[in-house]
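> any chance you could fold what I've pasted below:
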Amino acid sequence: MIQNVYFNDFLDAFQKVRPDNFSYDGLEQLFNYLESYEDDTGEQIDLDVIALCCEYSEDAPEDIASSYDIDLDGVEEGEILEHVLYHLAKDTSVIGHTDDTIIYQVY
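Numbers count the residues shown, from 1 in each chain. From the prediction side, this is the model:
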């Protein structure tokens with residue numbers, strides 16, 4: 001049995017189970033990414049908040065750099081986001097970013 005999930009349903013599910021894992025903008029980008037994935041592949045995704053929180057993350061670029069050993073030496077403060085996005089894109093799926101965070105597939 002399949003149920004269509006709209007953004008408000010998606011948002012509510014995260015707020016009930018994991019309210020602090022993603023920002024509103026991060027959830028919106030993740031939802032759009034997952035919908036596009038379903039459209040592109042024809043594969044339907046179960047709304048499993050815990051699984052999605054294990055597979056995707058939203059973090060500050062500096063935290064990602066620290067977690068994944070991305071060298072920031074010599075990188076200007078205004079260029080950190082782009083530098084981290086570049087390195088992430090080589091190894092994983094980048095879902096999107098806000099002014100302060102990057103939404104990406106954990107690897």
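> poorly predicted segments of the protein, please.
1 (pLDDT under 70).
> residues touching the residue positioned nearest the centre of it, list them.
The centroid of the chain falls nearest to I103 when counting by C-alpha atoms, centre = their mean (2.7 Å). Taking C-beta atoms under 8 Å, 6 or more residues apart in numbering, we find I103 in contact with 22, 26, 29-30, 33, 56-58, 94-97. Placement of C-beta: from N, CA and C, glycine included.
> please identify which helix or strand holds it.
I103 belongs to strand 102-105 when elements are defined using DSSP states H and E.
> got the phi/psi numbers for L34?
Phi and psi for L34, reported as degrees, to the nearest 10, are phi -70, psi -40.
> Q44 is in contact with that one, correct?
No - checked against C-beta atoms under 8 Å, the pair L34 and Q44 is beyond contact range at 10.0 Å.
> out of these two, which sits in the more crowded spot?
L34 (17 against 9; other C-beta atoms under 10 Å).
> show me where this structure has its strands.
56-59, 94-97, 102-105 (DSSP state E).
> reformat those strands as TSV; add distance to R18.
Listed next are the strands of the chain as TSV, based on distance: least, C-beta to C-beta, whole Å:
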stretch	distance to R18
strand 56-59	11
strand 94-97	16
strand 102-105	14
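> go through these and name the closest to F10.
The closest of those to F10 is strand 56-59. By C-beta to C-beta, the value is 12.6 Å.
> isn't L11 right up against L30?
No - if you go by C-beta under 8 Å, L11 and L30 don't touch, sitting 10.4 Å apart.
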